[in-house]
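A.B. asks: Sequence and predicted structure below; questions after.
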Amino acid sequence: MKSIPLETMEAMSKQVTVYSSDCEGDSLSVVVNQPQQEVAIDAPIVASCNNRIRPLLDAVDKLRHLMVMKEGIQLPTIVVVGDQSSGKSSVLESLAGINLPRGQGICTRVPLVMRLQHQQIPEPELYLEFNGKTVQTNESGISEAINLATDEIAGNGKGVSNTPLTLVVKKLGVPDLTMVDLPGITRVPVHGQPENIYEQIAGMIMEYIKPDESIILNVLSATVDFSICESIRMSQQVDKKGDRTPAVVTKVDKAPEGLLEKVTADDVNVGLGYVCVRNQIVEKINDKLNSSLSEFNKLPKTFTSIAEAMTAFMGIIAASKESLRKIILRGEFDEYPDDQKMHCSARLVEMINQCSQEMQNHRSSDLKKNFLMDEISVLDEAIKGIRLPNFLPHSVFIALLCKKVDSISSMPMEFVEKVWTYIEGVVIDVLMSHSDNYHQLQIATRRAGLNLVAKMKQQSLNWVMEIIQMEKLTDYTCNPENLLESSKLMAKQDKFMADVFNAKISPAIIYLEGFGEVEVVRLREHKHVVPQAYDLKARMTAYWKIVLRRLVDSLALHLQLSVHNLVDKELEKEIVNELLMNSHGGGITIGCWEE
């Protein structure tokens, strides 16, 4: 790996004069030599630090701008990585003092190189560099500018690109840092994203964190188990001792008990320690609450007091919850007798039955098509090992099972997407109906409903991924029908073998009880493995019925539990939080460094 001598970087930076903004502060700043430029006089210790460090930082930035990393020359880099929605944006916003793009799903789609430079001038200077051009912007328009630049680099969809976008922030009070913000790790591609979105993002992250010169800044949510964070796993692959891995723990105000023990134990080997991030300070919280009270004062004139407004608000919540209980949980539709869309229980049962039927009709469940050929294909590979003949390895059954599960794995995911899209429509219709007379409350209520359904849909998608993985891990059931069904099919094996290899008749099609009419011509070419293939087919046929029923049952039970939690536990809490904490489209920003 190539490296750059210290003398070279110092030589590249001779055109820069360095000074400090404030002898009492920690930040350093740079002024390029220009005619009539006013030079500040700093304390000797600060000036000495600036004279040595700032030119090196500028030299590194210039080399990065020249794309020397593509030539194999690695530069010192702070790489910010984390799972999707882990709080990376809040951390970076706190450092830069600007608003970055936010939204549902993946927001950062290209490597965002943030160059922060402290300057003495109060007026900030911001600009973007990409595709060989520079675009000036300002603090209010930075999010839109980043989105437009990202669309130009990575396209208008939801895909990602490895082409970097540089954001230069010259501002009073920001630390002198250069960081690379990478896309958040997502495991499930959403509509508009390529199927290999995880592999693309993982490859991009590994490219940036693999060099020994990279500092890997992991952003972790306090609400999750650190050991299952994908960013931690990737860091450990390239930095096993944690010598260049610090971590920022976000959302500590929402953390469960035991966070202190989890951080101090350091089970995931974060060698450079943790920094915890919490909500804004109490004064800002009070300011936001006061702003929320001011919002109440703007309600229609029929409200003569805060108490009256709160009474109306609680009435909306109570009425909405009762309507949702009737529509979703109890299957009553007297409130919407002619609107079949709102007959929720019936529609959900239809969706479950449709999902079950589609999985039953999937090609993986077709017992007659290419009869025994899939099994023979797997066995031909398995019998090449050094082992006794006529013994069926358990790995053969698992390999065939994984293949069948993979073939239907998208169907439960599509079912979850479809169900939650439908539930979202029902919930929003009910909330809008009960808050129709209160426009100010209606806005917050609608936003809360959308946010809650999106959150619960993601939880369901994660859960479906888990049960799919469980089905692929091993074969197990305590259902006695599995043994009865497989034994019944195995009882037909001798007659089947005799019919297939009947030298006098050599039939092309044979009727086999439990399967129907099956083609057997190609089986005669694999006489040595047909008995084992039939044994594998009988076991898999019986077990596959159990797997499909178990998936459908699990989906139905999970759906029932989720809608119960939505109506009885989460809805009121989400609406109250949205109204009190997120008025004016803002909210309490989580990102103040804890001292």
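C.D. replies: Yep, it's here.
A.B. asks: can you give me how far stretch 318-330 is from the chain middle?
C.D. replies: Relative to the centre of its chain, stretch 318-330 is centred 31 Å away, using CA atoms, centre = their mean, to the nearest Å.
A.B. asks: for residue 170, what are its contacts?
C.D. replies: Shown here is residue 170, whose contacts under the criterion CB atoms under 8 Å, 6 or more residues apart in numbering are 117-119, 124-126. From N, CA and C alone the C-beta is placed, and that goes for glycine too.
A.B. asks: Closest one to residue 511 out of the residues you listed, please.
C.D. replies: Using CB to CB, residue 126 comes nearest to residue 511 of the contacts of residue 170, at 76.5 Å.
A.B. asks: ok, so what distance separates that closest one from residue 416?
C.D. replies: Taking CB to CB, to the nearest Å as the measure, residue 126 and residue 416 are separated by 41 Å.
A.B. asks: which one of the two has more residues nearby?
C.D. replies: Neighbour count, other CB atoms under 10 Å: between residue 126 and residue 416, residue 416 has more, with 23 against 19.
A.B. asks: sorry, back to before: just the buried ones from the contacts of residue 170, in PyMOL syntax?
C.D. replies: Selection of buried members from the contacts of residue 170 for PyMOL, criterion 16 or more other CB atoms under 10 Å:
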select buried, resi 117+118+119+124+126
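A.B. asks: now, which of the contacts of residue 170 lie within strands?
C.D. replies: Using DSSP state E, the subset of these located in strands is 117-118, 125-126.
A.B. asks: Show me which parts of stretch 532-545 are buried, residue by residue.
C.D. replies: Those would be 532-545, for stretch 532-545 by 16+ other CB under 10 Å.
A.B. asks: From the rest of the structure, what touches that stretch?
C.D. replies: 364-365, 367, 371-372, 375-376, 378-379, 390, 392, 396-397, 400-401, 404, 475, 477, 481-486, 489-490, 493, 496-497, 514-515, 526.
A.B. asks: Apply 7 Å and report the result again.
C.D. replies: 365, 367, 372, 375-376, 379, 392, 396-397, 400, 404, 475, 477, 482, 485-486, 489-490, 493, 496 (CB atoms under 7 Å, 6 or more residues apart in numbering).
A.B. asks: Could I have the PyMOL command that selects the buried members from these?
C.D. replies: Per 16+ other CB under 10 Å, the buried members of the contacts of stretch 532-545 correspond to this PyMOL selection:
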select buried, resi 365+372+375+376+379+392+396+397+400+404+475+482+485+486+489+493+496
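A.B. asks: and the residue of the chain most remote from its centre, what pLDDT?
C.D. replies: Largest separation from the mean C-alpha position in the chain: residue 504, at 62.1 Å (CA atoms, centre = their mean). If you check residue 504, the pLDDT there is 71.
A.B. asks: Then residue 397?
C.D. replies: Reported pLDDT for residue 397: 88.
A.B. asks: Same check on residue 286?
C.D. replies: 62.
A.B. asks: where's the spatially most central residue of the chain relative to residue 219, distance?
C.D. replies: Residue closest to the mean C-alpha point of the chain, counted by CA atoms, centre = their mean, is residue 186 at 3.6 Å. Separation of residue 186 from residue 219 (CB to CB): 15 Å.
A.B. asks: The stretch 401-550 of the chain: strands as residue ranges?
C.D. replies: Secondary structure of the stretch 401-550 of the chain by DSSP state E, counting those that start in this stretch: the strands cover 509-512, 516-519.
A.B. asks: Ok, the stretch 1-150 of the chain next?
C.D. replies: Secondary structure of the stretch 1-150 of the chain by DSSP E, counting those that start in this stretch: the strands cover 16-20, 28-32, 77-82, 112-118, 125-130, 133-137.
A.B. asks: Just the residues contacting the last one, thanks.
C.D. replies: Okay, so that is strand 133-137. Applying CB under 7 Å, 6+ apart, the contact partners of strand 133-137 are 126-128, 145, 149.
A.B. asks: Please apply the same query to stretch 93-102.
C.D. replies: Contacts of stretch 93-102 (CB under 7 Å, 6+ apart): 89, 92, 107, 114, 116, 139, 142-143, 146-147, 169, 171, 174-175, 177, 591-593.
A.B. asks: what's the next secondary structure element after the host helix or strand of residue 561?
C.D. replies: Residue 561 is part of helix 530-565 when elements are defined by DSSP states H and E. Taking DSSP H and E as the definition, the helix or strand that follows helix 530-565 towards the C-terminus is helix 571-581.
A.B. asks: Could you tell me the angle between that following helix and helix 530-565?
C.D. replies: 60 degrees (axes from the mean of the first three to the mean of the last three CA atoms, to 10 degrees).
A.B. asks: Mind giving me the packing neighbours of helix 571-581?
C.D. replies: helix 282-297, helix 306-324, helix 439-473 (3 or more CB pairs under 7 Å, 6 or more residues apart in numbering; DSSP states H and E).
A.B. asks: Pull out the buried positions in that helix.
C.D. replies: 571-572, 574-575, 577-581.
A.B. asks: how is the chain carved up into domains?
C.D. replies: 6-70, 76-279, 293-479+543-585 (automatic domain parsing).
A.B. asks: Nearest residue to residue 242 in space, ignoring adjacent ones along the chain?
C.D. replies: Distance criterion CB to CB, 6 or more residues apart in numbering; nearest residue to residue 242, sequence neighbours excluded, is residue 271 at 2.8 Å.
A.B. asks: isn't there a helix covering the one you found?
C.D. replies: No. Looking at residue 271 with DSSP: H, G, I helix; E, B strand; the rest coil, it is coil, so not inside a helix.
A.B. asks: From residue 235, how far out is it?
C.D. replies: Taken as CB to CB, the span from residue 271 to residue 235 is 10 Å.
A.B. asks: Now do the shared contacts for these two.
C.D. replies: Shared contacts of residue 271 and residue 235, defined by CB under 7 Å, 6+ apart, comprise residue 245.
A.B. asks: Please say which of the two ends up with more neighbours.
C.D. replies: residue 235 (26 against 15).
A.B. asks: Show residues contacting the host helix or strand of the more buried one.
C.D. replies: Using DSSP H and E, residue 235 maps to helix 230-238. Defining contact as CB under 7 Å, 6+ apart, one finds that helix 230-238 is touched by 81-83, 185, 202, 205-206, 209-210, 216, 218, 226, 245, 268-269.
A.B. asks: give me that answer again for 6 Å
C.D. replies: By CB atoms under 6 Å, 6 or more residues apart in numbering, the surrounding residues in contact with helix 230-238 are 81-83, 185, 205, 209-210, 216, 218, 226, 245, 268.
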